[in-house]
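# need a structure here:
(2 chains)
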Amino acid sequence: MRFATTIIIGAGQSGLAMSRHLSARSIDHVVLERGQVANSWRTERWDSLRLLTPNWQSRLPGYAYSGDDPDGFMTMPQVVHFFRRYAEISFAPVVTGTRVIRVAREDAGYEVTTSQGPWRCRMLVIASGACNIATVPTLTTGLPHQVTSLTALQYRNPALLPDGGVMIVGASATGIQLAREIQATGRRVVLSAGEHVRMPRTYRGRDILWWMDAIGAMDLRYDALEDIERARRLPSLQLVGTPERLAVDLNSLRSAGVEIVGRLVGVRDGRAHFSGSLANHCMLADLKMNRLLAGIDEWVGTNGLTGRFPSPHRYEPTNVGPEARLSMDLHDSGIRTVIWATGYRPDYSWLDVPVLDRKGRIRHDGGVVAAPGMYVLGLPFMRRRKSSFIDGAGQDAADLAAHLNQSLARAAA
Amino acid sequence: MTKMTSAAAAKINNGVNVDALLGARTSLEQAPEAAQFKWRASCEWLNGTHSRSMIGSFFGLGAEQSRNKNFRLEADHPTVFASEDNAPTPVEIVLSGLASCLTAGVAAIAQRRGIQLHSVKATLEGDMDIQGILGMDDDVRNGFGAIRVHFDIRADASEDDIKALVAQSQKRSAVFDVVTNPTNVLVTVN
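Predicted structure coming up:
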């Protein structure tokens, strides 16, 4: 049986950043990867997707974007190339084509069963991603059989959809991007929006993520929040990466012809029913966005930088009309496809160690899992707001590599 | 929201024991089964459209909760419906329930956010096309076509912070959920 002091599961940004830090500390390790480097980016994304973060923000330990378009947004092939190059220059010990089937506690470490045979390790780092499985509400069962049901992980492009209208459920980054590109092909698109996070692409002449980085919002720590679980459950920011730096929100989608309806609450006898809470969800999102913009304005003022940026302003309040539809006969309305953009969750089906809570989430304190020598990386707001961003992988990996190193040293003493 | 200093929170008083509510939430995280509540009402016909409901015990925190008293709530219909107008109509009681739920939420959230309230007044109006309840037109629903709630709030906070109180109250309101989302209603008779 093969042995490594530390096994990292997954060769994405988190796994590679951790590998880099472990190498720097001369800690023997391997990175087990079910496919190739950046596998999820390579195989589980729709065709048009670009990173939501600008190129300059693709920063990893000892590596950063160095091209000539720092404010652009990488396509998926570019992202894959970026990570493959990182793995090469880091000499990351990646073992590709090795799917982890089971992890179980064994003596002073873990036994890791893989598609290529067993491994043992003392320390285990789970860096297999936060978006392995599309979360789909149970109410899919009420859909008429003529309606095709797809998750965002299955969606590739509008041309592959059945002819006819499309209902997209969920208004996070995924939902608004899909609504925009499918509507642009001339189809009828209905977007069901519950709680969402409205975010302008740019503000006062800079990318919104530049601002969030500058004012320290991305570095906000998990232990500085009153209700971290709520922060971790927040849907993704309503952003799209395009060369034109387009802002996409419910207003722009509505002007483009997308029908906005409330949260989908049920499907019965072929009718979809929507919550009457849409106006409040839009109000919550507008207020939250304006709090962020006010925080930016305050930071600019406090730092005496008022002259360096265009003047403050506010965006139009979300207007979804006074009478959003509360139900819709899917067949009569020509809806032939429903796409579930209702979130993602990690897959821990292979993890045979009792560390999951009653909702199936891994129990951890800032990435230190509730089992000896086990760590997790890359989850939303895991240690910082940027934990699930490429730019957040480095600092989290540095913190956890230090913790891991101390644990090893204690065990050796 | 980042952690509020206890000094700022201590200065304000909206009469809501937020610490107890937060404590309850922490306990329920350990024992989620105790979060299962059952609310009850019974109602007896008096005469015509006049009825009286009695509201007393409920189930929660894993046990029957008696409150040593019963509340009486009457309902009737107005004279334009050829009734005696002894009490508000049931749909007006629904509006009252929505208003009370949102108002309680505003007070609790304001307390939690360290906002001193001076006055909170909600005014509600619900649109109804009574062709529905009279069975004149199957395309018209029985219930409200729309409900408008207006809050007039005086508090030591900015306009946006006050709007955020009301928005958060809607997000966490039971009655707001009851009126905006479908619920299975199972009626039996013996």
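# Determine the longest helix present in chain B.
helix B:90-112 (DSSP state H).
# From the chain's centroid, how far away is it?
Centre-to-centre, helix B:90-112 and its host chain are 5 Å apart (CA atoms, centre = their mean, to the nearest Å).
# can you tell me which residues contact the residue of chain A found nearest chain B?
For chain A, the residue closest to chain B is A:Gly276, as judged by CB to the nearest CB, at 3.5 Å. Yep, even glycine has a C-beta here, placed from its N, CA and C like the rest. A:Gly276 makes contact with A:262, A:324, A:326, B:179-181, according to CB atoms under 8 Å, 6 or more residues apart in numbering or on different chains.
# next one: B:Val166
Applying CB under 8 Å, 6+ apart, the residues near B:Val166 are B:102, B:106, B:151, B:153.
# ok, back up a step: which strands and helices sit next to the longest helix of chain B?
Secondary-structure packing of helix B:90-112 (3 or more CB pairs under 8 Å, 6 or more residues apart in numbering or on different chains; DSSP states H and E): helix B:18-30, strand B:71-75, strand B:117-127, strand B:146-155, helix B:159-171, helix B:174-180.
# For the closest residue to B:Lys163 other than its chain neighbours, report the pLDDT, please.
Nearest non-adjacent residue to B:Lys163, counting by CB to CB, 6 or more residues apart in numbering or on different chains: A:Leu287, 5.9 Å away. Note for A:Leu287: predicted pLDDT of 97.
# which residues does B:Gly60 form a beta bridge with?
Legend: beta-bridge partners of B:Gly60 under DSSP bridges are B:Ala63.
# For burial, what's the neighbour tally of it?
The burial count assigned to B:Gly60 is 13, neighbours taken as other CB atoms under 10 Å in any protein chain shown.
# Per the annotation, how does the chain divide into domains?
Using chain A. Domain assignment for chain A by automatic domain parsing gives A:2-132+A:346-412, A:135-340.
# please go with chain B instead
According to automatic domain parsing, the ranges for chain B are B:13-88, B:89-180.
# For the ones you listed, which has the smallest mean pLDDT value?
Looking at the domains of chain B, the weakest mean confidence is domain B:13-88, a mean of 91.
# Span of it from start to end?
For domain B:13-88, the first-to-last residue distance is 33 Å (CA to CA, to the nearest Å).
# Bridged to B:His50, which residues?
Under DSSP bridges, the beta-bridge partners of B:His50 are B:Asn47.
# quick one: it and B:Asn86 touch, right?
Yes. Counting by CB atoms under 8 Å, B:His50 does reach B:Asn86; the two are 4.9 Å apart.
# if we can go back for a sec, how about the domains of chain A in JSON lines, adding distance to B:Lys121?
What follows is the domains of chain A, written out as JSON lines (distance: least, CB to CB, whole Å):
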{"stretch": "domain A:2-132+A:346-412", "distance to B:Lys121": "38"}
{"stretch": "domain A:135-340", "distance to B:Lys121": "19"}
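# is it fair to say A:His81 lies in a helix?
Yes. Assessed by DSSP: H, G, I helix; E, B strand; the rest coil, A:His81 belongs to a helix.
# What is the burial count for A:Gly304?
A:Gly304 has 8 neighbours, counted by other CB under 10 Å.
# phi, psi of it?
A:Gly304 adopts backbone torsions of phi 60, psi 40, taken as degrees, to the nearest 10.
# Likewise for A:Gln57?
When read as degrees, to the nearest 10, the backbone of A:Gln57 gives phi -90, psi 0.
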